[in-house]
Every structure is written in C-alpha cells, then in structure tokens.
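Engineer: Got a predicted structure here, sequence first:
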Protein chains: 2
Amino acid sequence: MSISGRKPPHPSRRGFLATAGSLVAAGGIGLTAEAATTPAPDKKRAGTPAAEPFWGARQSGILTPAQSHTYFAAFDLTTTKREDVVKLLQRWTEAAARLTRGEPAEPIPADQSVPAGDSADGLGLGPARLTLTFGFGAGLFTKDGQDRYGLAAHRPEALVDLPRFNGDQLVPARTGGDLSVQACADDPQVAFHAVRQLSAMAYDIAEMRWVQTGFSSQPPGEKTPRNLMGFKDGTRQPDQIDKVVWVGPEGPAWMQGGSYMVVRRVRISLEHWDRMNVDFQEKTIGRHKYSGAPLGKKKEFDEVDLDATDAEGNPVMPENSHVRLSHSSSNDGAEIYRRGYSYNDGVAFTAERWPPWKQGMLYDAGLLFVCYQRDPRTGFIKIFGNSSKFDMLNQFATHVGSGLFACPPGARPGGYIGQSLFEA
Amino acid sequence: MSISGRKPPHPSRRGFLATAGSLVAAGGIGLTAEAATTPAPDKKRAGTPAAEPFWGARQSGILTPAQSHTYFAAFDLTTTKREDVVKLLQRWTEAAARLTRGEPAEPIPADQSVPAGDSADGLGLGPARLTLTFGFGAGLFTKDGQDRYGLAAHRPEALVDLPRFNGDQLVPARTGGDLSVQACADDPQVAFHAVRQLSAMAYDIAEMRWVQTGFSSQPPGEKTPRNLMGFKDGTRQPDQIDKVVWVGPEGPAWMQGGSYMVVRRVRISLEHWDRMNVDFQEKTIGRHKYSGAPLGKKKEFDEVDLDATDAEGNPVMPENSHVRLSHSSSNDGAEIYRRGYSYNDGVAFTAERWPPWKQGMLYDAGLLFVCYQRDPRTGFIKIFGNSSKFDMLNQFATHVGSGLFACPPGARPGGYIGQSLFEA
C-alpha cells in the first residue's frame, strides 16, 4: 500500500465529490446541509442555535454568548511572500464558513487513494455553536525590523507592544504570535478539530507557536459560571458593550468594526488559594463567595459601592481588592469586555512559593484570560497596569503567557478575513 | 485580615452547618438533597440519570456508560503509617459519596474565618454523572523492597509489574503511582473539582504523581465516538463483559468483584497521520473510516471476518492491521473492556520522526487508553505484547505513560473503598 504523506493535501481538490447528494449516496456520512441543524452533543443553553453565523460585518466569537470549550492557537508566519498570507487567509475563511456549519473543512474525497482534506474526528458532532475568531499580531506588520509583507504602514497605533507588567513571568513559548485563531464550541473535540484543519492548511506558510485549551461550565439556571477559584467570574460587563468593544472612526479604516483581543495565560496557585479562609478570599476578590454579591451587598447583580464604609470607617470594599482595582471608576472610566475560560493542563513540578516551601507536583491550571476592547491602551493596559501593582489577587495569580491581536472586521461571502487590510 | 493557610482544613469540622435547611436559609446555596436531581449542564445521553450511584458491590466508572470528560490522577503515598492510608481511604470514600450526588466534598462552613472543605467551583453544576473509581498500584504493597503498610502478603499475583513492551517510551513522571483516582463526568469542571478535593484531603499522606485530562465526544444518534484519528473507536467490546471484567474466585478474596485497570498515555502523531491516504489509514486500522465497518463489510457492527480473502487470495483484513492483531482470536481468546478517552495537551516542541524531519511545535494529543480486565496477564499484556510488535498503528502511536491498578470492589454505606484489603 502506498503512503503519499510527504506533502499535505491542500489545496488540491482532485477527486472531491461535488454534491451533497452523492455524499449521502456514498454511504450516508451525513455531512451535508442537515448537519447545520443537528443538535450539539452538549449544547448547554436552551434556545441557542446549534450553529452560530460566520459571515457578517463583525467576527463571531467576540460577543457570541460564551461556549463551553475553547482551543486558542497563535501562529508564526514562516513565508516571505505576501500572496501566501493572502492565500492562507482565503483558505481559512472558506474553511471557517464550512466548519461553523458543521461541515468538514474540505469535502470528503471520493478517491480514497489521496489524503483527505479533513481528519474526520468532527463527523457527526454538528456545529456545536463553533465560532472561529482571527487576529493579527504585530509580527504580521513588522518583525525584527523587517516589513515582510508590505503592511508596516498599516499597523494600527493601538496594536502596541504590551508593556512589561508588574509580576509578569511570561514564557516566550506561550507569548506572542503573528496570527491568532480562537475556536470556541460547546464540544472540545469540535474546537480542536477546527483548529487542526486550519493548521494543516498553513503548511509551509505558518506554524503553530502556542496553543491553549480552556473550558467554562455554566450552572443551569444561573447567568455566571464560577472560575477555578470558586468565585462567579464575569458578573459585571460594560453597560455599553458596542462602544467598548468595536473600533470606530478613531482607528484605521481597515480595523473599523474590528476589536483588539488581549489573551493572558494566568496560572493560579490553587493549592495555596484553597487553604485561605473564606473571608480572606472574599476580601481579596471583593465579592461574597457563594452568592457572588459585591462585598456588603446581598445579590450577585447588586451594584458595586466603592464608597461604603463599615462602623469603624473602613471601606467595605478593601483598597487592594480585585473588584475595586479593576472597576472602571478606579481606572478613569476604562472598560473591557471579558470572555475568559478556565484552563487545566494537569500538574507540573513546581517549587511552592509559600511556607512550608515544599517542592512537588502542583496544578498547572488557572485562567485563560481573554478580553476585547476598541483600544488596549485605554482598556487592558490601563486597568492591568493598575491592578498588577496592587491587587491582592496577585499573590495567587502568575501571568505566564500573553498576546495582543488586532481582530479585523468580519467577512462577507466571496470575501475573506483581513481583506480590508490587504486591500488598504 | 488573617490567613490561616499553613495547614489544610481537613479533617476539622468545627463550624460546619449541620442541616440542609440551615444551608438554604443561609442564602440559598442550593447544595442540598435536590442537587442530586439537577440536570447536568451538558449531559449528552437522553435518558441517563444526572447522578450515578456510588455505593454498591462494584465500583462505578468501570461499566458505567462513558461520560464525556475525565480527570485521571495517580498518587504516591508519602506516609509511613498504615492507619494514615486507612484514614485517607475513609475520607475519600465519604467525599466520593457526596461528590457523586452533586454535593460539596465537605459541607460549606458557616464560619467564614476558616478555610472551606470544598473549593466551590463545582457549585450549581450538579452531579453531571460523576463517577470516582479508585485503584491500588504495586507500591501500596511493596515499594523499594519495603512492606510499608503490612500489605505485602496480600499483593495479588495478577498485580504484576508491567513488562517493557516493544516501542515503549515511558516517562517516569507519567508512569506508575501507589493509588489511582479516575473521575469521569459529563462536565470537565466537575471532574477536576472532584479530584482536587480528594487531593487536598491527602495532605501529608499522599501527593499527586501524574494526572491526565481527557474527553470523548458522542455524536448524537450514534453509538460510538470517533477518536482523534477520525475513526470510530470502541465498536467492538466483549460479548460477556462481566466475565471479562470482574475478578472471580481465582483472585484473592479482597479483590473479588474488583477489576484491574490498565492506563496508557498514547501520544499520536496526528500531523503524520493526517497526511496519509485514506485507504492506507483504513488498512492500518482494519476498518472503513467513515462507516466504521470492518474492512470488506458494509456496516459498523458487521462481524469482523479475519479469514476473508480478495480475488488475488490476499487477506481482506491485513496481517498487520490493528483490528486483526488485537482481535481475541489472534490472542488465544484474550479480551479486555476498553474505556478510553482522547487527550489534548496542546503542542510541544518535537523533532519529527518522518521526512522531511522538521522540528517544531507538534500536537501533544492522542489517546488516554483505559481498559479493565479480571487479569492483566491474560488481558492487556497478552494483547499488547502481540500488537506492540507488529501493529502498523505503532508508526503513529507512542506510549509515554502507563499504570496498572487493582481496583477493589465497591463500598457499602458505613464502609470504605479498600476495606476488604485492610481487613484481610
């Protein structure tokens, strides 16, 4: 038997079946239009559609209600040719439209003597509310002083190099990237499957730099999931989300309707945290643990009151609490839209940073922090520049990975993600 | 504010609320009896209960229909005292009974000036069909020639040291362990939450040695999930499962009604595999990729025919195919019950093992192979001893982690997992 396997199958389309009808005739694989209405296997929110739209003025996966799983990937471009980058974005766009409908990245080939354009591990799982969100890192515009693709003049001012924040322990192998893809879905296999097909299409053009899986478990009947610290996370989001998230006329024309994504891999010392008294945990966060209410309030969605004082005149919301330091009124009105996930990469050998300074296998788990904003300088950088210095939470959280990506507007059928940039 | 955090809260129970009623009165946390009937957030099989039974003659999580997520953990015992091991197993049993009902590992304390006995990240998520399955490694009986707990005489003959198989690339940090806990649930946060509470209870008695997360996505309306190679995996299971799985009178009395679990972390070269022709993939596995039928047959559940030949007299099922080599009739009738998961640990820097021998970030993903049998010598060791030498699949699969654990029978209320051994 022959092994072709020296080069990937893309973009050859020899031998592909042309119609949905013949696919069904070939054995009822069930990858056709009806797949878009197949219920996702673990769809968690009643009433949400199984397929999220891909085409549109804005990319999905940003304001889409958060799915239960994610697979984030950052790529380094290895090609020297601008047309390769365009070709890749065109392939990715076409494949993303298919994948988000629950179809394979490329139709299943009738000729089995060639590699398939899809690895088939997503078959039958349906769209599972898959979204694919693409972003551009600074390296797309300039890298090591080189303008590799003639795009340097179009780098937005807002796409800064992130400053070094207090306490940063960034690992290069989990930081940066020229392109980003975030798959979110209500099934982990669907999310990984999608990125795997896109990565295969990048052969000889780009390669993976770092990836991160994540999950978020939504309690039935509640609005806010709990993070691994056991606190409700995401209760408070901006009132005027559109104004906070989407780039407007202040940005370059090609980024209008886009957004800037900050991603941080935040390892949390769960063993340390679990040994803290509950009232200390609550003062660290600034919320009651079980109800989710702001300190001094009763219900999760009660308004935060930063001015309240107790009988002795001390602030009810501690000066160094996470809620106070990240609140817009502590940051000249700065706001971000958070869309984070928990991550769980098992255990790793670690030297404890607190008494009794044991060495051993500790959780490599925590938060895949993701936020969107129209300008990171007045969003994440402003807020985290403040809280990275003073937040009591920093005793338990270590930022080990990081990225900033300009997510361009969405695409219309026939177009591709990033077209506004390459035609600017 | 005070930090207690020098010692874990277990097993102190000062300040715990005594009744479910007072818990509800304290703020409607909702952790009480009704939690057992809360629907799991991503329960995937219609008609299955949200809570799986914990108490019983046999441990759950072995023949329980597979849940969508797992968190496997192997522990090293650090204590020198037999009574500590008993105490730990008693704590684990009591906590497992609570966790599998969707309750916290220990009741939420009314006094918030102490650490809680539960990290609270499972609140509201319900049982999610959680099972917790416990096993004993060889190190519980003897370690480095020491009979640490007076159990050496009770080590079953079947609890062998696994031989070195052809191609084994076992990493010590992912191999072995004195105790094992496998959490399976229809929610990844529920599975991790459970093991995290058990691990905290092991403070000063045992510590984590290695862990592995996994998932298995069940297509709606189909019986068999696909693995990351894109093939249906698990179609064929033994006809007489009880006879294959449960230890009978041939074993020591304390293991009767138990089973032996083999776990293998099998990294799969997905990039390599994806570049193979589909017909080569099918000859490697011995099944048709899309239908799941054995080679030469039409439907997934058609019987495997190892004797069929094609027009030229060659076997339809290739001599080195996975299905042929792992079939009971190729192994003197040996059978195992497989209960595996896919795993996905992102990417890692790897030197490719095939042309063009690139170096780069490759998937650290594959199969968390788990199987159960009444005797591993006539089960996994027999079958894999054969297929590890000849299976074409070995070109793509590398075993990097391994464990063999004796899973004792289940426990009755008032008893504990492993009681039959410690009272033997």
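Structural biologist: Arrived safely. Numbering: from 1, shown residues only, chains lettered A, B, ... in the order given.

Engineer: Is the host helix or strand of A:Ile383 in proximity to chain B?
Structural biologist: Element membership for A:Ile383, per DSSP states H and E: helix A:380-390. No. On the criterion Cβ under 8 Å from any Cβ of the partner chain, helix A:380-390 is out of touch with chain B, staying 15.7 Å away. Quick note: C-beta positions are derived from backbone N, CA and C, even for glycine.

Engineer: Quick one: list the elements packing against that helix.
Structural biologist: With contacts taken as 3 or more Cβ pairs under 8 Å, 6 or more residues apart in numbering or on different chains; DSSP states H and E, helix A:380-390 sits against helix A:322-326.

Engineer: Parallel or antiparallel, which strands does the helix or strand following the helix it packs on pair with?
Structural biologist: Once the chain leaves helix A:322-326, the next helix or strand it forms, by DSSP H and E, is strand A:337-338. Here strand A:337-338 is paired, per DSSP bridges, with strand A:359-373 (antiparallel).

Engineer: quick one: the partner strand to helix A:380-390, angle?
Structural biologist: Going by axes from the mean of the first three to the mean of the last three Cα atoms, to 10 degrees, strand A:359-373 is angled at 150 degrees with respect to helix A:380-390.

Engineer: Can you dump the C-alpha atoms of strand A:359-373 in CSV for me?
Structural biologist: Provided in CSV are the C-alpha atoms of strand A:359-373 (Å, rounded to 0.1, in the frame of the first residue of the first chain):
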residue,chain,number,x,y,z
GLN,A,359,8.5,21.0,46.1
GLY,A,360,6.2,18.8,44.2
MET,A,361,3.6,18.4,41.6
LEU,A,362,1.3,21.4,41.6
TYR,A,363,-1.6,22.2,39.3
ASP,A,364,-0.8,23.9,36.1
ALA,A,365,-4.3,25.3,35.9
GLY,A,366,-5.9,28.7,36.1
LEU,A,367,-7.4,31.3,33.8
LEU,A,368,-7.1,31.8,30.1
PHE,A,369,-8.0,35.5,30.4
VAL,A,370,-9.4,36.9,27.1
CYS,A,371,-10.8,40.4,26.7
TYR,A,372,-11.8,42.6,23.9
GLN,A,373,-11.7,46.4,23.6
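
Engineer: Relative to the whole chain's centre, how far out is that strand?
Structural biologist: From the chain centre to the centre of strand A:359-373 is a distance of 13 Å (Cα atoms, centre = their mean, to the nearest Å).

Engineer: buried stuff in that strand?
Structural biologist: For strand A:359-373, a neighbour-count test (16 or more other Cβ atoms under 10 Å in any protein chain shown) marks A:361-373 as buried.

Engineer: Could I get these in JSON lines, plus columns for pLDDT?
Structural biologist: Listed next are the buried residues of strand A:359-373 as JSON lines, based on pLDDT from 0 to 100:
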{"residue": "A:Met361", "pLDDT": "91"}
{"residue": "A:Leu362", "pLDDT": "93"}
{"residue": "A:Tyr363", "pLDDT": "96"}
{"residue": "A:Asp364", "pLDDT": "96"}
{"residue": "A:Ala365", "pLDDT": "97"}
{"residue": "A:Gly366", "pLDDT": "98"}
{"residue": "A:Leu367", "pLDDT": "98"}
{"residue": "A:Leu368", "pLDDT": "98"}
{"residue": "A:Phe369", "pLDDT": "98"}
{"residue": "A:Val370", "pLDDT": "98"}
{"residue": "A:Cys371", "pLDDT": "98"}
{"residue": "A:Tyr372", "pLDDT": "98"}
{"residue": "A:Gln373", "pLDDT": "98"}
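
Engineer: and which of those residues is nearest to B:Phe422?
Structural biologist: Closest approach to B:Phe422 among these (Cβ to Cβ): A:Met361, at 26.2 Å.

Engineer: secondary structure class for the closest residue to the closest one other than its chain neighbours?
Structural biologist: Of all residues not flanking A:Met361 in the chain, A:Val347 sits nearest, at 4.1 Å (Cβ to Cβ, 6 or more residues apart in numbering or on different chains). Under DSSP: H, G, I helix; E, B strand; the rest coil, A:Val347 falls in the strand class.

Engineer: Could you count how many residues lie near A:Val347?
Structural biologist: 21 (other Cβ atoms under 10 Å in any protein chain shown).

Engineer: dump the residue contacts of it.
Structural biologist: Residues in contact with A:Val347 (Cβ atoms under 8 Å, 6 or more residues apart in numbering or on different chains) are A:Met361, A:Leu362, A:Tyr363, A:Asp364, B:Met208, B:Trp210, B:Val211.

Engineer: let's see it at 7 Å
Structural biologist: A:Val347 makes contacts with A:Met361, A:Leu362, A:Tyr363, A:Asp364, B:Met208, B:Val211, as judged by Cβ atoms under 7 Å, 6 or more residues apart in numbering or on different chains.

Engineer: Okay, buried residues for the helix holding A:Ile383 please.
Structural biologist: Using 16+ other Cβ under 10 Å as the test for burial, helix A:380-390 gives A:Phe380, A:Ile381, A:Lys382, A:Ile383, A:Phe384, A:Asn386, A:Ser387, A:Ser388, A:Phe390.

Engineer: Mind picking the one among those residues that's closest to chain B?
Structural biologist: Nearest to chain B among those is A:Phe390, at 15.7 Å by Cβ to the nearest Cβ.

Engineer: does that closest one really touch A:Arg324, like I thought?
Structural biologist: No. Judged on Cβ atoms under 7 Å, A:Phe390 makes no contact with A:Arg324 at a distance of 9.3 Å.

Engineer: Run through the residues that contact A:Thr175.
Structural biologist: For A:Thr175, the contact set (Cβ under 7 Å, 6+ apart) comprises A:Gly401, A:Ser402, A:Gly403.

Engineer: Quick one: those as CSV, columns for distance to chain B, pLDDT and secondary structure too.
Structural biologist: CSV is the format used below for the contacts of A:Thr175 (distance: Cβ to the nearest Cβ, whole Å; pLDDT from 0 to 100; DSSP: H, G, I helix; E, B strand; the rest coil):
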residue, distance to chain B, pLDDT, secondary structure
A:Gly401, 11, 98, strand
A:Ser402, 16, 98, strand
A:Gly403, 15, 98, strand
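
Engineer: now, which of the residues you listed sits nearest B:Gly313?
Structural biologist: Lowest distance from B:Gly313 to the contacts of A:Thr175 (Cβ to Cβ) belongs to A:Gly401, with 57.4 Å.

Engineer: A:Arg374: how many residues sit nearby?
Structural biologist: A:Arg374: 24 neighbours (other Cβ under 10 Å).

Engineer: try A:Val323
Structural biologist: When counting by other Cβ under 10 Å, one arrives at 21 neighbours for A:Val323.

Engineer: Return the distance of it relative to A:Pro294.
Structural biologist: Using Cβ to Cβ, to the nearest Å, A:Val323 is found at 6 Å from A:Pro294.

Engineer: same question, A:Ser180
Structural biologist: Shown here: A:Ser180 relative to A:Pro294, a distance of 33 Å by Cβ to Cβ.
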